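>>> Provide a 3D model corresponding to the input given below.
(chains A, B, C and D)
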4 protein chains.
Amino acid sequence: MIIAVIGGDPGPRHALIQAEVAGREIARTGHILICGGRGGVMEAACEGASEAGGLTIGVLPDSDRSQMNPYVQIPIVSGIGRARNLTITLTADAIIAIDGGYGTLSEIGYALAHAKPVAGLGTWRIESDSLDADPIFRTDDPVVAVAWAIEAGGRNPD
Amino acid sequence: MIIAVIGGDPGPRHALIQAEVAGREIARTGHILICGGRGGVMEAACEGASEAGGLTIGVLPDSDRSQMNPYVQIPIVSGIGRARNLTITLTADAIIAIDGGYGTLSEIGYALAHAKPVAGLGTWRIESDSLDADPIFRTDDPVVAVAWAIEAGGRNPD
Amino acid sequence: MIIAVIGGDPGPRHALIQAEVAGREIARTGHILICGGRGGVMEAACEGASEAGGLTIGVLPDSDRSQMNPYVQIPIVSGIGRARNLTITLTADAIIAIDGGYGTLSEIGYALAHAKPVAGLGTWRIESDSLDADPIFRTDDPVVAVAWAIEAGGRNPD
Amino acid sequence: MIIAVIGGDPGPRHALIQAEVAGREIARTGHILICGGRGGVMEAACEGASEAGGLTIGVLPDSDRSQMNPYVQIPIVSGIGRARNLTITLTADAIIAIDGGYGTLSEIGYALAHAKPVAGLGTWRIESDSLDADPIFRTDDPVVAVAWAIEAGGRNPD
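Here you go, the predicted structure:
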């Protein structure tokens, strides 16, 4: 299974720790990490996964690898800027959003538009008149988030 | 100025009326409407703008014009699927979000990531720990939304 | 009808003259010009079309308008880099390629992949084992190229 | 190193054999294969690489994995249609083009625009007035093509 960790660059200290633990747990459970390949939350998640011996994919917005974090093992050099947010969410079986700014919000929108399971750690809270319940699974524990993502991603038909 | 109207397809009746009024007002004030070129809120906005003699641009996700609404005057056939949400928000000087689902949420994320002014009519409410105030100008009146968008879009340096 | 002029930035002097004449002729015959919105052949075509009172669309690779040529009337700020070459060719009913480098070659590939008519002035010559005849209409006269593009674009079912 | 094999779907029998040998050789020499993830030449290359124990990446144009060939190990679900041709060429350190139609031509254009080394087996021949020499390394031997790609890709600064 491919699990995305999305979040800001830079990110606050507690988010970086959560991301590193999430990355490690994704690797430890035998899954592949995908992210945006840059710094902050993305780098912390890649570092955690790499140190646990897992595979990391970074879908870069750029046209080369110059902005890639050093823990990306498979760089996908998209060349399409922030439109690569779509590619990250479509590729993932489940998404873990940690903190994050407006770029992360666009990814949450894409993920939910394609019915991908989304776990959230201190990330965006979203509401609308047509929404009955929070579509995001909330937790503060990255290990719980990964366990939930694996289970929810496995139920996903795609 | 180019002003985007974003929202769902299909959309509830009150959203379609708001979108049509917003489109008409964009045209009446001499501005260009951009949208996603499909049905629902996008079509209602295009219809309003076209009937008021304005120019309408529809940035389609598809590879041809088959899903285009009949009020799009300038179809941009992007061929990049939902990644065209980025193109819509980058092209607009200001964005008016009316109702809308998760696709609209991704556009709000992109718009705010690029510091574009966003007016919202019954659309997503978003909150995060690092956000002090609502970044979206809220109103229920599409005429007020257009007036605000013109003013805010004109202040935008880009 | 929307007609694309594609070619390099910068371009050699004779290509710029051809592009300006092509742009003027597209406008004079009541059609819309689309191009990549930058300098060189793109700028010359936009200048010709604008001076003849026509409408010009520039699909920029960038995330803002800073690299736009001054004759683009409707900037489409794609934000997707060179992937916008797909959008230009899909949006056009017919394509006129003038001189051009490897970016232009990618656009010729996209255009022919989608069965768009392509006229070529001093542009890439392409051959393959499975190709019986040159798929590009060759001429040195931009007025002839525009007349052919209008006729061929009108036959196109899309 | 990441090496792309590009070519048509479907492809003629001799091209499929060349692609399978190229894929096998990429894997045997310890490199990663990237391709468009669909059938024909892409599938043959993935099959060859997979059977030799190598890693295969397929950058799909689609929004899901339904059109993926069974030998793709890491699917990148781009969601951006043929614009994914840019992503394939930017991600690769070197490109091997085998036969191929107009989509392949667009990829050759992108590859050369970014100064990526391109080896060609029975693929497009391209000429222009400003081109002094064939920018593509020509061979009929997929083993030679892979050896050349590894060497040329290693010289590439990116």
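
>>> what's the pLDDT at the residue lying farthest from the centre of chain A?
For chain A, the largest distance from the centre (Cα atoms, centre = their mean) belongs to A:Asp129, which lies 26.9 Å off. Note on A:Asp129: pLDDT of 92.

>>> In terms of helices and strands, where is it?
Following DSSP states H and E, there is no helix or strand that holds A:Asp129.

>>> What of the one 3 residues further on?
Secondary structure assigned from DSSP H and E places A:Asp132 in neither a helix nor a strand.

>>> circling back to that earlier point, what distance do you get for the residue farthest from the centre of chain A to B:Gly122?
Using Cβ to Cβ, to the nearest Å, one gets 6 Å for the distance from A:Asp129 to B:Gly122. Where you see a C-beta, it was placed from the backbone N, CA and C, and this is true even at glycine.

>>> can you check A:Gly36 too?
31 Å.

>>> If you count surrounding residues, which of the two has more?
A:Gly36 (33 against 20; other Cβ atoms under 10 Å in any protein chain shown).

>>> any idea which helix is longest in chain A?
Of all the elements of type helix in chain A, the one with the most residues (DSSP state H) is helix A:13-28.

>>> That one packs against which elements?
strand A:2-7, strand A:32-35, helix A:41-51, strand A:94-98, strand A:118-121, helix A:142-155 (3 or more Cβ pairs under 8 Å, 6 or more residues apart in numbering or on different chains; DSSP states H and E).

>>> quick one: it to helix A:41-51, angle?
Orientation check (axes from the mean of the first three to the mean of the last three Cα atoms, to 10 degrees): helix A:13-28 against helix A:41-51 gives 40 degrees.

>>> how about the CA coordinates for helix A:13-28, as PDB?
Output in PDB follows, covering the C-alpha atoms of helix A:13-28 (Å, rounded to 0.1, in the frame of the first residue of the first chain):
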ATOM      1  CA  ARG A  13       8.300  21.200  15.900                       C
ATOM      2  CA  HIS A  14       5.500  18.900  17.200                       C
ATOM      3  CA  ALA A  15       4.300  18.300  13.600                       C
ATOM      4  CA  LEU A  16       7.800  17.300  12.500                       C
ATOM      5  CA  ILE A  17       8.000  14.800  15.300                       C
ATOM      6  CA  GLN A  18       4.600  13.400  14.400                       C
ATOM      7  CA  ALA A  19       5.600  13.200  10.800                       C
ATOM      8  CA  GLU A  20       8.800  11.300  11.600                       C
ATOM      9  CA  VAL A  21       6.900   8.800  13.700                       C
ATOM     10  CA  ALA A  22       4.300   8.400  11.000                       C
ATOM     11  CA  GLY A  23       7.000   7.800   8.400                       C
ATOM     12  CA  ARG A  24       8.700   5.200  10.600                       C
ATOM     13  CA  GLU A  25       5.400   3.400  11.300                       C
ATOM     14  CA  ILE A  26       4.500   3.300   7.500                       C
ATOM     15  CA  ALA A  27       7.900   1.700   6.800                       C
ATOM     16  CA  ARG A  28       7.800  -0.600   9.800                       C
END
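
>>> Residues contacting that helix, please?
A:3, A:5, A:7-8, A:11, A:32-33, A:40-42, A:44-56, A:96, A:98-100, A:121-122, A:140, A:142-143, A:145-147 (Cβ atoms under 8 Å, 6 or more residues apart in numbering or on different chains).

>>> before we move on, the earlier item: could the helices and strands packed on helix A:13-28 be laid out in JSON lines, adding mean pLDDT, distance to B:Arg65 and mean neighbour count?
As requested, the helices and strands packed on helix A:13-28 are arranged in JSON lines below (pLDDT from 0 to 100; distance: least, Cβ to Cβ, whole Å; neighbours: other Cβ atoms under 10 Å in any protein chain shown):
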{"stretch": "strand A:2-7", "mean pLDDT": "98", "distance to B:Arg65": "33", "mean neighbour count": "29"}
{"stretch": "strand A:32-35", "mean pLDDT": "98", "distance to B:Arg65": "34", "mean neighbour count": "29"}
{"stretch": "helix A:41-51", "mean pLDDT": "98", "distance to B:Arg65": "37", "mean neighbour count": "27"}
{"stretch": "strand A:94-98", "mean pLDDT": "98", "distance to B:Arg65": "33", "mean neighbour count": "29"}
{"stretch": "strand A:118-121", "mean pLDDT": "98", "distance to B:Arg65": "33", "mean neighbour count": "26"}
{"stretch": "helix A:142-155", "mean pLDDT": "96", "distance to B:Arg65": "36", "mean neighbour count": "18"}
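
>>> Dump the ones you listed into TSV; add distance to D:Tyr71 as well.
Shown next, in TSV, are the helices and strands packed on helix A:13-28 (distance: least, Cβ to Cβ, whole Å):
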stretch	distance to D:Tyr71
strand A:2-7	17
strand A:32-35	17
helix A:41-51	25
strand A:94-98	24
strand A:118-121	30
helix A:142-155	22
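
>>> and the helix or strand containing A:Leu86 with chain C, contact?
Element membership for A:Leu86 (DSSP H and E) is helix A:84-91. No. Figure legend: helix A:84-91 not in contact with chain C (Cβ under 8 Å from any Cβ of the partner chain); closest approach 9.1 Å.

>>> which other helices and strands contact that helix?
strand A:2-7, strand A:32-35, strand A:56-60, helix A:102-113, strand D:74-77.

>>> Check whether the last one comes near chain A.
Yes. For a cut-off given as Cβ under 8 Å from any Cβ, strand D:74-77 has contacts with chain A, namely D:74-77.

>>> So which of those is the closest to chain B?
D:Val77 (10.6 Å; Cβ to the nearest Cβ).

>>> Now do the same for the closest one: its pLDDT.
If you check D:Val77, the pLDDT there is 98.

>>> again with A:Asn156
63.

>>> re the thing from before, from chain D, how far out is the residue farthest from the centre of chain A?
27 Å (Cβ to the nearest Cβ, to the nearest Å).

>>> follow-up on the earlier one: distance to chain C added to the helices and strands packed on helix A:13-28, as a markdown table?
Listed next are these as a markdown table, based on distance: least, Cβ to the nearest Cβ, whole Å:
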| stretch | distance to chain C |
| --- | --- |
| strand A:2-7 | 19 |
| strand A:32-35 | 20 |
| helix A:41-51 | 19 |
| strand A:94-98 | 22 |
| strand A:118-121 | 24 |
| helix A:142-155 | 28 |
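
>>> and A:Met68, which of these is closest to it?
helix A:41-51 (9.4 Å; Cβ to Cβ).

>>> Close to chain D: what parts of chain A are there?
A:2, A:32, A:57, A:59, A:63-65, A:74-80, A:83, A:86-87, A:90-91, A:114, A:158.

>>> Could I have the buried ones of those as ChimeraX selection syntax?
Selecting only the buried entries of those in ChimeraX, with 16 or more other Cβ atoms under 10 Å in any protein chain shown as the criterion:
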select /A:2,32,57,59,63,74,75,76,77,78,79,80,83,86,87,90,91,114
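
>>> Can you mark which positions in the helix or strand containing A:Ile126 are buried?
According to DSSP H and E, A:Ile126 maps onto strand A:125-127. Neighbour counts over strand A:125-127 (16+ other Cβ under 10 Å) mark A:Ile126 as buried.

>>> Relative to that strand, what are the paired strands and their orientations?
strand B:125-127 (antiparallel) (DSSP bridges).

>>> can you list contacts of the helix or strand that the partner strand is followed by?
Going down the chain from strand B:125-127, the next helix or strand is strand B:137-138, by DSSP H and E. Residues outside strand B:137-138 that contact it (Cβ under 8 Å, 6+ apart) are B:117-121, B:145, B:148, B:152.
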